[in-house]
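S.K.: Have a look at this prediction, sequence included:
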Amino acid sequence: MEPLGLNEIREKYLSFFETKGHLRLPSFSLVPHNDPSVLLVNAGMTPLKPYFTGAQTPPSLRVTTCQKCIRTPDIENVGHTARHGTYFEMLGNFSFGDYFKKEIIPWAWEFCTEVLKMPADRLYPSVYEEDDEAYAIWRDDVGVPENHITRLGKADNFWEHGTGPCGPCSEIYFDRGVEYGCGSPDCKVGCECDRFIEFWNLVFTQFNREPDGTYTPLAKKNIDTGAGLERVACIMQGVDNLFEVDTIRKILDTVCAKAHADYGKDPETDVAIRVITDHVRSTTMMISDGVLPSNEGRGYVLRRLLRRASRFGRLLGIKDLFLTEIAAVVVELNKEAYPVLLEKQTYIMTVIRKEEEAFLRTVEQGTDILTGYIAEAKEKGLTALAGDQVFRLHDTFGFPLDLTREIAQDEGLTIDESGFQAAMKSQRESARAATKAKTGTAWGGKELPAELLQDTSSTDFVGYDRLTASGKLLYLLKEDEESMLQIVPEAFAGDKVIAIFDRTPFYATSGGQVTDQGAVLSTGFHAHVTSVEKDAAGKFLHSLTVNEGTLRQGQELSMHVSETHRMSTARNHTATHLLQKALRTVLGDHVEQSGSLVSADRLRFDFTHFQPLTDDELDQVEEMVNGIILADMPVVTRVMKLDEARKLGAMALFGEKYGEEVRVVTVGDQENPYSREFCGGTHLTHTSQASQLRILSETGVASGTRRIEAVTGAAAYALSKSEKEILDAACASLKTTEDQLVRRIRAAMADMKALEKELSNLQEQNSAGLAETIANKAEVISGVSVVVAKVDVEDADTLRTTADQVRDHFSNGVVLLAAETSGKLLFVAMATASAMAKGIHSGNIIRETAKASGGGGGGRPDMAQAGGKDTAKLADALAAALSTIKNQLGA
Ligand code: ATP
Ligand code: MG
C-alpha cells in the first residue's frame, strides 16, 4: 500500500468513477438549498435528494462528487476517536435508477484493491442481515472469504429516514491491526473502537417505507455511496487518526506551534489540539459558503464551533487571538480544491477575528457577572448556582455553560442543572411561538386549492422585453366565506380575485425586486393588477381588483404593465448593481450582498462590512455610481450556461444554487464590464436612465452587516427639491441669499457666543456685589469672621463662586451659604487657612448643617458642599451651622 496524499486520493476516486461513466460534479455548498430538513449538508447524497425523489431530472444517471460535509452530532467524538471530525469530505458515487448492487460492489472492491492497492486480507465488508443478495455478490462475484463478511442488524446496516425511500447498506471496514483494538475478546467488525474502521458505506435504496410500516420495492432502485476522504487517507498513510493525515497534520502542527505544545506527550493536550484543528477547518469552510455567526440555526453552529476552538486555545494557554493564523493554513492547504477560499480569504479572516474578539470580551464580561453570582450564592450559604442565573449568563451574555460549570467548581459550587434546563425550555417555547406567528407563505398564509397544486405547469413569462401581452385565463381563485381560496368560474365588478394566465408580462416579486403593477383589459372589462407572486411550480398568481365587466375562465385578455412603475423599479435595480460594484471598489472584495430590496420608490442594499462607512467613503461610493450613470453605459442581459457565466466572472449570490441556465446582467463593455451579476430582475438598457443616485442613509443591521438606502430618478429629484425648500426657508429666516447663508449662520453663532460671554460677565459682577454685601454682615467670633447666610442664587456653581468671593474678603474667616433651588437646599462651606488653624473644619460644618435639614454630606476642611431635603428646616440648618462653628472655635 502506497501512502497516498489526501488530494491524490480525491482525484483517484473521482476519475475512477468517471471511467465508469459517471459525471463529476463539484461539491455543493455546505448550506443546503431549499431543504429545511438539515441545517448543513451532512452527506454526499443530501444535495442530490431532488434527483433521488424525481422532483428534478439529474444531468446524468451516474454522478460522482466529493462533498464538503458538517456533522455536529459527532462533536463529542471529535478529538477522542480516530475517525470523527465535525468537518470532512465525503467521496460518493450515485446511481439514479441506473446501476445497482451487481455493479457497485465489484467496483468498490476494484477501487480499494487495485487503485488504492489495499491488501484484500485486511478488508471486511458488512451486509444487512437479511440482504442475501449483497452477501452473495461479495462472496461469489468478488471472492471475499465468508469469514470476512459480517451480517449486521438494522441499527448498523439499514438506511431509513421515516417514511419514503430506504434500503440496506453494505459497509467496508479496514483492519488496522490488533494494536488499535480495544482488547476485548469479541472485538470485531462493528465494534465502536478504532481497530476495524468503517470507511465506505454503500447504500442500496430499493424499498419505499409506507406509512403503515411495510416496505414495498421501488420501481427505480438507487445507489448512494459515501466514503470519508480523511478516513481513507488515514488508512492509506498508516497514521493514528484523521488529524495526522498529510494536509491536516500541517494545521495541527500550526496549532502546536501557537500553543508551544508537543503533540503526543499528554493525551488531554492532544485532544485539545485535535479539537482546535477540526473546528478551525469546519468554520473556515462554513464561512466560505456564506454562513455568518449568529444566535440561531447554522449561524449558531458556526458561533459555537468558533467559540469552542477559542476556549480550547485558552485551555492550552494561548493568550492572544490565534484562530485566523490557523485558518490561514486551512486556506493554504485547500485552495486548489476549493478556490473560493482564496477569493474570500480576507473576508473569512475578518469574520473569524471579529467573532474571536467578541468572544474574549464576552468571557471577560461574563466572568465579572459570574463572580458576583458566586459571591451572592456563598453569602446565602447555597451550594449551587441558581438555574436562571446560569441561563442568563448563557443566553444573554453568551457565556459558555462549561465555563460556568468549571469556574463554579473551582469555588466549590455546583450549578442547578435542572433549573437551567427549565429556563432553557421555557425560552425555546416562546421562541417557537414567535416563529410560528411569523411564518406564512406568499399567499398571506393561504393554501392553494389541491387541483391547482396538481397542475405543475408554469406561466410563460414574457415581460423582460415587453410590457404588454395577451394571455388566456386558466384559473380564477376567490376566497370563500371561510377565507379559503377556491377555484371559481367567473368574477364581477368589485371582486378581488387571483388570476393565473398561460402567459404574462408581469414580473412577480422575487430576488428582492417587487412585483409589477398594471391592468388587465378586454372589451368592456377592466381590472387593476395590484401584485403578482410566483408559486412553487412557477405559476404567476395575479391579484386583481375588478373595476368593470365580467371575467371568465378561458377568456383571452390583454395585459398591460405600468411603465412608470416598471421603470422606477428598474432604475433602482440597475442602480443596486452599480452600488454593489462601487462598494467593492471603495471598501474591498469582502463586500458581499446579504440582502436587497428593490421597489419603485427606493432601494435597500445589505452587505457585509465590519464598521460604519466614513463620510468620505460614502461620498466616493455615491460619486462613482453617478459617474457610471453619466457615462451612459449599456446594460445587457443574456441567458447563458452556468459554466460560462462563472468563467466570465459573474458575481453570484452567496450560498445560492443556480440552475443549468442563468441570466446574467452586464453593465458596460461586454469584454471588460463595469459590473456583471447573476440576476433575474428587470433592468434599464442604459445607465443614464437612472438619472442619478442619492444615498439616504447608511446604518448597521447586524454584526458585520451594513445597510444603504438610496433613491434614483424621480425620487432623487424630489429629494433635491425638498432640500431646496429647506434652504429657501433658512435663507428667508436669516434674510440672506444662498451663497451668503453659511457666512450668515457663522456670524450669527459668533454674535450669540459674544452675548453669552457678556451675560456671564454681568452675572459675575452681580455676584461680586452680592458677596461684598454678605461679607459686610460678618460677625467676628473668637477673632474669626463668620458668615452664615441664605442667598438667592439659581444653581450650585453660582453658590460656590459667591462663597469663594465672600471668603476672599477675609484673611481669617469661615463662610456657610445656603440656597434653595427646585424644592431642595444647597449648602457650601469654605474657610481660610488661618480659620482652619483655629479649629474650623468645613466638612464637619456641612455635615451638621445638612443633617439638620434631612440631608447628608461632608468634605474637606477648606471646602465642602451638600444638599438638604426639607426646605422648611432651612432656619434649623443655619442655626446648626452657627452652633457648630462656635463649637469649633471654642466659643
Ligand atoms: P460512524 O459510525 O463511524 O460514525 P457513520 O455510520 O455515521 O460512521 P455514514 O453516515 O455511513 O457514517 O457516512 C459515510 C462515510 O462518511 C463513513 O463511512 C465515513 O467514512 C465518513 N464519515 C462519517 N462520519 C464522519 C465523521 N464525523 N468524520 C469523518 N468521516 C466521517
Ligand atoms: Mg456517525
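M.R.: Sure, I can see it. Here the structure is a predicted model, which is why all the values come from computation and not from measurement. Numbering: from 1, shown residues only. Ligands and ions are numbered 1, 2, ... in the order given.
S.K.: Could you measure from residue 613 over to residue 594?
M.R.: Distance, residue 613 to residue 594, by CB to CB, to the nearest Å: 15 Å. Glycine gets a C-beta too; all of them are placed from N, C-alpha and C.
S.K.: tell me, which helix in this structure spans the most residues?
M.R.: Secondary structure of the chain per DSSP state H: the longest helix is helix 738-776.
S.K.: Would you check that residue 84 makes contact with residue 242?
M.R.: Yes: with contact defined as CB atoms under 8 Å, residue 84 counts as touching residue 242 (7.4 Å).
S.K.: between the two, which one's more packed in?
M.R.: Using other CB atoms under 10 Å as the criterion, residue 84 and residue 242 rank with residue 242 on top: 26 against 22.
S.K.: wait, isn't that one in contact with residue 252?
M.R.: No: using CB under 8 Å, residue 242 and residue 252 do not qualify as a contacting pair, with a distance of 10.0 Å.
S.K.: Would you pull up the residue in the stretch 351-500 of the chain closest to ligand 1?
M.R.: residue 402 (21.1 Å; CB to the nearest ligand atom).
S.K.: do the stretch 751-891 of the chain as well
M.R.: With CB to the nearest ligand atom, the shortest gap between the stretch 751-891 of the chain and ligand 1 falls at residue 856, namely 66.4 Å.
S.K.: Tell me the bridge partners for that residue.
M.R.: residue 867 (DSSP bridges).
S.K.: give the contact list for it.
M.R.: Residues in contact with residue 856, defined by CB atoms under 8 Å, 6 or more residues apart in numbering, are 847, 850, 866.
S.K.: And those residues, which of them are buried?
M.R.: Neighbour counting by 16 or more other CB atoms under 10 Å classes 847, 850, 866 among these as buried.
S.K.: Out of those residues, flag the one nearest to residue 657.
M.R.: residue 866 (71.7 Å; CB to CB).
S.K.: Give me the neighbour count for the closest residue to that closest one other than its chain neighbours.
M.R.: Among residues not flanking residue 866 along the chain, residue 857 sits closest, at 2.5 Å (CB to CB, 6 or more residues apart in numbering). Counted with other CB under 10 Å, the neighbours of residue 857 add up to 17.
S.K.: Over to the one 5 residues further on?
M.R.: Counted with other CB under 10 Å, the neighbours of residue 862 add up to 17.
S.K.: Same question for the one 5 residues further on.
M.R.: A total of 17 residues lie near residue 867 under the criterion other CB under 10 Å.
S.K.: And the residue of the stretch 351-500 of the chain closest to ligand 1, how close does it get to residue 390?
M.R.: Taking CB to CB, one finds residue 402 at 11 Å from residue 390.
S.K.: now do residue 754
M.R.: Distance from residue 754 to residue 390, by CB to CB: 61 Å.
S.K.: Give the residue from those two that has the larger number of neighbours.
M.R.: Ranked by neighbour count (other CB under 10 Å), residue 754 and residue 390 place residue 390 first, with 25 against 10.
S.K.: about what we covered before: could you dump the buried ones among the contacts of residue 856 to CSV with distance to ligand 1?
M.R.: Supplementary listing: the buried ones among the contacts of residue 856 in CSV, determined by distance: CB to the nearest ligand atom, whole Å:
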residue, distance to ligand 1
847, 72
850, 71
866, 69
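S.K.: Give the burial count for residue 447, as a bare number.
M.R.: 11.
S.K.: for it, helix, strand, or coil?
M.R.: The three-state assignment at residue 447 reads coil, by DSSP: H, G, I helix; E, B strand; the rest coil.
S.K.: can you check residue 112 too?
M.R.: Under three-state DSSP, residue 112 falls in the helix class.
S.K.: what sits opposite whatever residue of the stretch 101-250 of the chain ends up closest to ligand 1 in the beta ladder?
M.R.: Nearest residue of the stretch 101-250 of the chain to ligand 1 (CB to the nearest ligand atom) works out as residue 228 at 2.6 Å. Beta-bridge partners of residue 228, counted by DSSP bridges, are residue 90.
S.K.: who are the neighbours in contact with it?
M.R.: Per CB under 8 Å, 6+ apart, neighbours of residue 228: 83, 88, 89, 90, 91, 199.
S.K.: Need the max-distance pair from the residues you listed.
M.R.: Taking CB to CB, no two of the contacts of residue 228 sit farther apart than 83 and 91, at 15.0 Å.
S.K.: gap between the closest residue to residue 691 other than its chain neighbours and ligand 1?
M.R.: Excluding the flanking residues, the one nearest residue 691 by CB to CB, 6+ apart is residue 713, at 4.9 Å. Per CB to the nearest ligand atom, to the nearest Å, residue 713 is found 54 Å from ligand 1.
S.K.: Check residue 91 too.
M.R.: Distance, residue 91 to ligand 1, using CB to the nearest ligand atom: 9 Å.
S.K.: do the same with residue 281
M.R.: For residue 281, the distance to ligand 1 - CB to the nearest ligand atom - is 11 Å.
S.K.: Give me the number of neighbouring residues for that residue.
M.R.: The number of residues near residue 281, taken as other CB under 10 Å, comes to 27.
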